[in-house]
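In: need a structure here:
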Amino acid sequence: MWHTSEVYHTYTMSNIVIKAEHVSKLYRLGQVGTGTLSHDLKRWWAGMRGKEDPYQKIGAVNDRTKQSASEYAWALRDVSFDVRQGETLGIIGRNGAGKSTLLKLLSRVTSPTEGAIKMKGRIASLLEVGTGFHPELTGRENIYMNGAILGMTKKEITSKFDEIVDFAGVALYIDTPVKRYSSGMYVRLAFAVAAHLEPEILIVDEVLAVGDAEFQKKCLGKMGDVASHGRTIIFVSHNMQAVQSLCKTAIYLKQGSLADIGRTDKVINTYLSKEIANCLERRWDAREAPGNEYITVVSAEVIPDLKNTADPITISTELKIKFEFINHLSDGNINLSLLLYTTAGVCIFNVGTGSHLLKKDNHYTSVLTIPRDLLNDDIYTVNLLFVKDTSVVLFAIEEVLTFEVLDNPRDGAWFGKWLGAIRPTLPFTITE
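Out: Alright, predicted model coming up:
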């Protein structure tokens with residue numbers, strides 16, 4: 001049945017399970033309680049005269065990097081979207097963009113200041129480690145308590161109990177109070193409970209980052225399985241690869257406002273193009289240069305083969321990636337490796353120079369050529385790794401350069417991003 005309250009109204013379209021209509025959330029800055037009575041009196045007087053709340057009018061934009069003269073800030077401002085049954089929706093954005101606030105509104109932890117959220121179905125939320133767990137209760141007791149909160153009978157919970165414990169991998173500690181669990185155990189059990197007790201809507205924040213890589217993969221697989229059974233998932237993550245693989249649609253929040261919504265690949269590209277600026281060249285002076293007692297990086301540069309320097313880099317552009325560095329090591333063969341990553345965190349390649357016996361305190365230049373018609377349209381980051389004798393890492397630097405590769409203009413309709421991590425032009429023929 002539909003949840004109804006002052007803000008969560010009945011909605012009749014059967015295939016839409018979440019409908020957010022012009023949702024805004026206003027928070028007060030500074031110390032809670034200072035001047036509250038005077039503010040409440042001003043709000044009451046404005047309401048008596050049929051006027052707008054004066055504090056909603058002056059709320060600052062949610063930009064955490066800047067100070068504001070206002071005592072209020074909009075964590076969310078005029079956000080509207082629909083989520084259909086069985087849909088997996090990703091929510092992305094920088095820290096402080098309003099993602100967690102939106103999830104709290106969807107989970108009914110708090111209510112919107114303006115607008116309405118209409119929801120249909122049983123909701124399970126995993127907003128932070130151990131959400132909904134009582135620390136004094138055992139893992140077993142918390143499973144039954146969470147199931148009861150979701151409206152399940154004891155028989156229904158019991159039928160899922162062994163599956164939950166097996167997925168979480170906490171059988172040894174199932175009768176131990178969860179306050180003695182590690183953060184990893186906590187989140188494993190919390191996710192297992194949320195995913196296996198069959199909610200119609202599963203809301204998951206970035207808590208999966210607490211688990212190890214194997215468990216994260218397991219969780220993504222389980223969420224995909226949940227979605228395949230017609231249940232709805234709302235997923236917040238900074239892992240673009242996870243969002244891309246799990247979610248068909250996505251929302252991009254920027255400073256509390258809806259910056260983009262639509263296909264996941266399109267929204268991710270919009271997010272990264274706005275939040276990650278191109279960095280085609282970096283040079284450092286002696287005091288600021290990255291490095292250590294073995295290696296000092298002097299400069300890094302992406303050099304595209306363009307007739308006009310104002311032209312964009314496309315899939316048909318040849319690129320040279322050039323590095324200058326100083327070797328401080330007196331002996332040993334050194335190999336410089338370049339790792340190229342996509343926005344989804346996929347390593348396209350790891351190319352090494354091969355081992356070279358370099359002289360101490362000499363200045364060296366290394367150039368890698370990336371041929372045209374190899375990279376796909378995406379935003380790429382470059383990492384460097386200096387290794388001695390094939391196994392000893394001397395120095396590593398991440399995201400030293402960032403550059404965007406655009407698709408070539410194509411006639412006709414746009415069919416979306418070309419699939420594949422790379423996009424090489426290879427001989428491929430048909431014969432009769």
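In: which SS state does Y186 fall under?
Out: What DSSP: H, G, I helix; E, B strand; the rest coil gives for Y186 is helix.
In: separation between it and K179?
Out: 9 Å (CB to CB, to the nearest Å). Where C-beta positions appear, they are placed from N, C-alpha and C, glycine not excepted.
In: so which bits of stretch 387-398 are buried?
Out: Under the neighbour-count criterion of 16 or more other CB atoms under 10 Å, stretch 387-398 has V387, K388, L394, F395, I397 buried.
In: of all those, which comes closest to V79?
Out: Closest to V79 out of those is I397 (37.9 Å), distances taken as CB to CB.
In: do you know the pLDDT at that closest one?
Out: On pLDDT, I397 comes in at 92.
In: that one bridge partners, please.
Out: Counting by DSSP bridges, I397 is bridged to L384.
In: cool, and G291?
Out: G291 forms beta bridges with T296, as assigned by DSSP bridges.
In: check the burial of it by counting its neighbours.
Out: G291: 17 surrounding residues under other CB atoms under 10 Å.
In: next one: A124
Out: For A124, using other CB under 10 Å, the count is 27.
In: which residue is the nearest non-sequential neighbour of it?
Out: Counting by CB to CB, 6 or more residues apart in numbering, A124 lies nearest to P199, which is 3.7 Å off, once chain neighbours are set aside.
In: the one you found belongs to a helix?
Out: No: when the secondary structure is assigned by three-state DSSP, P199 falls in coil instead of a helix.
In: for it, give me its contacts.
Out: By CB atoms under 8 Å, 6 or more residues apart in numbering, the residues touching P199 are G121, R122, I123, A124, L150, R231.
In: in the stretch 101-250 of the chain, what residue spans correspond to strands?
Out: Shown for the stretch 101-250 of the chain, the strands assigned by DSSP state E, counting those that start in this stretch span residues 114-119, 123-126, 201-204, 232-236, 249-254.
In: sheet partners, orientation included, of the fourth one?
Out: Think strand 232-236. In the sheet, strand 232-236 lines up against strand 88-92 (parallel), strand 201-204 (parallel) (DSSP bridges).
In: isn't R423 right next to I315, touching?
Out: Yes: at 5.8 Å, R423 counts as touching I315 under the criterion of CB atoms under 8 Å.
In: what touches both of these two?
Out: D373, L375, N376, D377.
In: got the buried residues for stretch 151-171?
Out: Buried residues in stretch 151-171, counted by 16+ other CB under 10 Å: M152, I157, K160, F161, I164, V165, F167, A168, G169, V170.
In: who's more crowded, Y186 and K179?
Out: Higher neighbour count among Y186 and K179: Y186, with 24 against 13, using other CB under 10 Å.
In: wait, that one sits on R180?
Out: No: taking contacts as CB under 8 Å, Y186 lies outside contact range of R180: 10.0 Å.
In: quick check: which element contains A300?
Out: Following DSSP states H and E, one finds A300 within strand 295-304.
In: and that strand, C-alpha only, in CSV?
Out: C-alpha atoms of strand 295-304 as CSV (Å, rounded to 0.1, in the frame of the first residue of the first chain):
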residue,chain,number,x,y,z
ILE,A,295,62.9,10.6,-8.0
THR,A,296,61.8,14.2,-8.7
VAL,A,297,59.2,14.8,-11.4
VAL,A,298,59.9,18.1,-13.1
SER,A,299,57.0,18.4,-15.6
ALA,A,300,54.2,16.5,-17.3
GLU,A,301,52.4,17.3,-20.5
VAL,A,302,49.8,16.0,-23.0
ILE,A,303,50.7,17.1,-26.5
PRO,A,304,47.9,16.5,-29.0
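In: can you tell me what sits against it?
Out: Residues contacting strand 295-304 (CB under 8 Å, 6+ apart): 280-284, 289-291, 313, 317-329, 363, 382, 384, 386, 394-395, 397, 400-401, 403.
In: again, 6 Å this time
Out: With contact meaning CB atoms under 6 Å, 6 or more residues apart in numbering, strand 295-304 is reached by 280-283, 289-291, 313, 317, 319-326, 386, 394-395, 400-401, 403.
In: among those, name the ones in strands.
Out: Secondary structure assignment by DSSP state E places 281-283, 319-326, 386, 394-395, 400-401, 403 of these in strands.
In: in ChimeraX, select just the buried ones from these.
Out: Provided next is the ChimeraX selection string for whichever of the ones in strands among the contacts of strand 295-304 are buried by 16+ other CB under 10 Å:
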select :282,319,321,322,323,324,325,326,386,394,395,400,401,403
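In: which among the shared contacts of R423 and I315 end up buried?
Out: Neighbour-count burial (16+ other CB under 10 Å) applied to those gives L375, N376, D377.
In: for the residues you listed, give me TSV that also has distance to N408.
Out: Below are the buried ones among the shared contacts of R423 and I315 laid out as TSV (distance: CB to CB, whole Å):
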residue	distance to N408
L375	12
N376	12
D377	9
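In: redo those residues as CSV? Include secondary structure and distance to K222.
Out: CSV is the format used below for the buried ones among the shared contacts of R423 and I315 (DSSP: H, G, I helix; E, B strand; the rest coil; distance: CB to CB, whole Å):
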residue, secondary structure, distance to K222
L375, strand, 33
N376, coil, 29
D377, coil, 32
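In: show me which of these is closest to T431.
Out: N376 (28.1 Å).
In: wait, isn't the closest one in contact with R423?
Out: Yes: look at N376 against R423 with CB atoms under 6 Å: they come within range, at 4.1 Å.
In: following the lowest-mean-pLDDT helix or strand in the chain, which helix or strand shows up next?
Out: Taking mean pLDDT, DSSP states H and E as the measure, the helix or strand of the chain with the lowest value is strand 60-61, at a mean of 50. Next in sequence after strand 60-61, counting helices and strands by DSSP H and E, comes strand 72-84.
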